[in-house]
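Undergrad: compute the structure for the input listed below.
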Amino acid sequence: MSHDGIRFISQEEALREQAAPKLTGDAISPRKVRVDRTGGTGMAIDWRDGHQSAWTFAWLRAACPCATCHEAREHTGLAPGLTPLKPAALFTMYEAPPRPVEVEPVGKYALRFKWNDGHEAGLYSWDYLRNVCDPALREQRQSSLPPAARKEGARG
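TA: Here you go, the predicted structure:
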């Protein structure tokens, strides 16, 4: 929960954030960034420390780091990249898969995606992207989720 730029977190969340290791240096410095807008497959980053990361556009859109999306995930208890289950409907409306309309660098520290649903508030910093990619951190986040959400998150 946040108010006027101040974020209030529970003691449990504070302990979880302290326990999660933060990556720095070459681990959060990209060597090569590939965004496949034409093929629609997603984004891949080769990091200076040799690690490689890849995400689908659906995962990236669901992991938007903007304040609105972050708070919505906190409210529902979902980890970045997971989408909430939609209520069953008699007729399901077609929804275009998430794709970036534009991608632009923000300084030397982030990317901004303008998504086909009109959303464009999130800044995907190198630090954020690497920390949501790191296998140990992903495993730690997954273990704190309910079993149904873990299955969904394994795809991200």
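Undergrad: which residues touch P30?
TA: I45, D46, W47, R48, W126 (C-beta atoms under 8 Å, 6 or more residues apart in numbering). All C-beta atoms are positioned from the backbone trio N, CA, C, and that covers glycine.
Undergrad: roughly how far does it sit from G39?
TA: 20 Å (C-beta to C-beta, to the nearest Å).
Undergrad: got it, and H75?
TA: Separation of H75 from G39 (C-beta to C-beta) stands at 34 Å.
Undergrad: ok, so of the contacts of P30, who is nearest A62?
TA: Relative to A62, the closest of the contacts of P30 is I45; by C-beta to C-beta it sits at 17.9 Å.
Undergrad: and that closest one, bridged to which residues?
TA: Taking DSSP bridges, one finds V33, S53 as the beta-bridge partners of I45.
Undergrad: residues near it, how many?
TA: The criterion is other C-beta atoms under 10 Å. On that basis, I45 has 21 neighbouring residues.
Undergrad: test my guess that it contacts V132.
TA: No - counting by C-beta atoms under 8 Å, I45 stays clear of V132, with 11.6 Å between them.
Undergrad: grab the nearest non-local neighbour of V101.
TA: When the adjacent residues along the chain are set aside, V101 lies closest to K114, with 4.9 Å between them (C-beta to C-beta, 6 or more residues apart in numbering).
Undergrad: who's the one you found bridged to?
TA: Applying DSSP bridges to K114 yields these beta-bridge partners: E102.
Undergrad: flag the shaky bits of the chain, pLDDT-wise.
TA: Across the chain, residues meeting the criterion (pLDDT under 70) sit at 1-5, 7-21, 134-156.
Undergrad: thinking again about what came up before, buried subset of the contacts of P30, written for PyMOL?
TA: Typed into PyMOL, the line below selects the buried ones among these, using 16 or more other C-beta atoms under 10 Å:
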select buried, resi 45+47+126
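Undergrad: measure the one residue sitting closest to the centre of the chain to M43 for me?
TA: With distances taken as C-alpha atoms, centre = their mean, the residue of the chain nearest its centroid is A63 (2.7 Å). A63 sits 11 Å away from M43, taking C-beta to C-beta as the criterion.
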